[in-house]
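J.: Show me how the following folds:
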Amino acid sequence: MTTTTLAWLVPLLPFLGSVAGLLLGRTAPGFVRPLAVLPTLAAAVLAVIVAVRQGGGKTIEAATQLTPTGSVPIDLALYIDGFAALAAVLVGVVATCVQIYSTGYLRDDPRYPSYAALVSLFTAAMLLVVYSGDLMVLLVGWEIMGICSYFLVGHYWETPEARAASLKAFLVTKLGDVPFLIGLFALATDAGTFRIDGILGAVAAGGLDHPTLIALLLLAGVAGKSAQFPLHTWLPDAMAGPTPVSALIHAATMVAAGIYFVARLLPVFASSAAALTVLAVMAAVTMVGSALAALAQDDIKRVLAYSTIGQLGYMAGALAVGDRGAAVFHLLSHGAFKALLFLAAGAIIHAAGTNSLSAMSRMSGLTRRIPDAYWTMTVALLALAALPPFAGFFSKEAVLVAAEHTALGDRTVAPAGAGWTVLVAGLLTALLTAAYAARLWLLAFRGRGAEAPDHGSQPLAMTTVLWVLAIPSLGFGLSVTYLDDWFDSDALTPTATTAVLGTGLALVGAVVTYAVWRTLTAKAAQAPAREPVAAHVAHPDAEAGQVEAEALHLPHPAKDPTDPGRVLLGPLHRHAATGFHLDALYAAVFVRPVLAAASLVRFLDREVVDTYVSGAGTGTQWLGWLVRRAQTGNVQTYLSALLAGSVVLALAAVLVAAGA
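T.: This next block holds a predicted model:
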């Protein structure tokens, strides 16, 4: 079978699995789990075969015209280079792990068939984005992911929090998609094609007439999809969805799509120094702001959500300095350890029996009760903190090295100012990332919270997936010397300067956090232990998966006396805990004016437009009443009226004649 045939099957298999799962979910429930796991697993295996055959060498291309348009044609095209081949492997592996994990996590959820089908459709859409060689076909996958995220984030639709989060995710990403679509049309107009190879050829030949405008329009869509400032606010709230969905969105789909898109079309953005500068500033603000916010969160999933935003900022920073190899390398590395972090967090929630204990201030005794989650999450947090030899160290260093080369003028793709912006923000974020990673580990596994009842051992499907993902989280970075051919043949190895600075700052962040925690713990040891908190439900599988819907927004727990984040952030803590009030700002600037305008339109419609319509109807009724009163049926009355009218007309005629 040819490589192109195998590549067509990669997104097709999970799509067919999704359709079959939706059709057979109610009539043949025994097929639901095989239809969820096997097509996705087969797609992952085929993606690996395609990657091996591609080998980081010549781009694999194939195309057939979908339909004549009369202007710019639309093709069903493949464009598989080293980036696409490896990204597809990431999507396939993580999606397979999520599907297997979900068979245990949502074992008795009555809506599991639709959930599994949507996850498969989500996977197929992302694989379509990865392999597509035509921007219009890519847009199809891009938008399908948006609607899948709406349904999956709102899986527990009984709760107002899940409904609001799904709607917010959809609307905020659509806010970026509108200029994104305009940018795609403008790009195709300038280049004369939607084909990626044709666009790259036009850029190389200087064929873009409006590179800055196009790049900025496209960046709006990227900011929404990949949760970059200022369109990042939907991602923390998306934690209302099931935890496996969070793992899929954060690690291998949705948020990765925007970064991958810029990497695929980086020459378009590199043709505008202004666009790269905007991207660098956006990445720097995203990195630092999200790291500060993560340091103030109490809910473990919200910490990880802000962590994802910050790590995506690293990838955007690498693209801003013109190094797509470093960006995609960090995308792959981050996908492994972030999926592991979320699935380990799901194991914690599963063990606690209620999502109310996802608040780290309420955790206790988890090391003993869920050792698999403890050890694998420790590996993932070390990778997140970018400590050697874990995967995150090598990929983060690749970003810092690229920024250093640009700042010093060794790389001239982007302005030196963009390099300095990314480098300084990246180093500061390394310090903060290690701090909140250490804080999460200490509060979750060494905390003094109230221990929830033990709900038994974890399903094998869940624990197996955790250890599978721990392998690339630990060792993927060590393959850096073998991946040069896959990443434009650019070296991704660390340099002494950034390695010492980055690792040193990370160690400082972790050590200071630990020292503050030890001091606070010693003071709190004299205080009485808190009362146990009873779980809301007996087991997450027992009540239709309502564990995570049970207490998504409980009243904020009492101030944890051992929380080092409050000391480290000081007066900044209350602002960071709310995401620096961006939601409140958007509500004041955008939401309230729109609601006020809607109220005004409703008032005008009801009180003005309806009044005129009602008045017209009432006038017609009155006129009809008068006419009806004149219709007596008496012939003498009609003749008398006719005679009177004739006399009046005659007198009028005489008067007119006399006046003349």
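J.: Next secondary structure after the helix or strand containing residue 190?
T.: Using DSSP states H and E, the element containing residue 190 is helix 160-191. Remark: after helix 160-191, the chain's next helix or strand is helix 196-204, criterion DSSP H and E.
J.: Next secondary structure after that next one?
T.: helix 211-225.
J.: Report the rounded mean pLDDT for that following helix.
T.: Averaging pLDDT along helix 211-225 gives 95.
J.: again, but for stretch 583-597
T.: 90.
J.: And the strands in this protein?
T.: With DSSP state E, the ranges of strands along the chain come out as 60-67, 74-80.
J.: Give me the contact list for the first one.
T.: For strand 60-67, the external contacting residues (CB atoms under 8 Å, 6 or more residues apart in numbering) are 3-4, 7, 50, 53-54, 73-81, 133-134, 137, 195, 197. In short, each C-beta sits where N, CA and C put it, glycine included.
J.: per-residue pLDDT, residue 240?
T.: 88.
J.: where does the stretch 151-300 of the chain dip in pLDDT?
T.: Nowhere does the stretch 151-300 of the chain drop to pLDDT under 70.
J.: Name the nearest residue to residue 279, sequence neighbours excluded.
T.: residue 320 (4.1 Å; CB to CB, 6 or more residues apart in numbering).
J.: mind listing what the one you found touches?
T.: 276, 277, 279, 280, 283, 414, 418, 421, 422.
J.: Any idea how far stretch 421-430 is from the middle of the chain?
T.: Computed by CA atoms, centre = their mean, to the nearest Å, the chain-centroid distance of stretch 421-430 equals 23 Å.
J.: typo on my end, stretch 112-132
T.: Distance, stretch centre to chain centre, for stretch 112-132: 14 Å (CA atoms, centre = their mean).
J.: tell me the mean pLDDT for it?
T.: The model assigns stretch 112-132 a mean pLDDT of 95.
J.: Run a quick neighbour tally on residue 315.
T.: Other residues near residue 315 come to 29 when the count uses other CB atoms under 10 Å.
J.: That one contacts residue 398, doesn't it?
T.: No. Residue 315 lies out of contact with residue 398 (CB atoms under 8 Å); the separation is 10.4 Å.
J.: Between these two, which contacts overlap?
T.: Residues touching both residue 315 and residue 398 by CB under 8 Å, 6+ apart: residue 330.
J.: and residue 35, what does it touch?
T.: So residue 35 contacts 17, 20, 21, 24, 116, 117, 120 (CB under 8 Å, 6+ apart).
J.: Quick check, the first one in contact with residue 39.
T.: This means residue 17. Yes. Counting by CB under 8 Å, residue 17 touches residue 39, with 3.1 Å between them.
J.: Looking at those two, which is more packed in?
T.: Between residue 17 and residue 39, residue 17 has the larger neighbour count (other CB under 10 Å), namely 28 against 25.
J.: State the pLDDT value of that one.
T.: At residue 17, the pLDDT recorded in the model is 95.
J.: okay, the strands of the chain in CSV with distance to residue 156 next?
T.: What follows is those, written out as CSV (distance: least, CB to CB, whole Å):
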stretch, distance to residue 156
strand 60-67, 38
strand 74-80, 37
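J.: Of the ones you listed, flag the one that's most buried.
T.: For those, the largest average neighbour count (mean count of other CB atoms under 10 Å) is found in strand 74-80, namely a mean of 21.
J.: Just give me how far that one sits from the chain centre.
T.: In terms of CA atoms, centre = their mean, the centre of strand 74-80 is found 25 Å from the chain centre.
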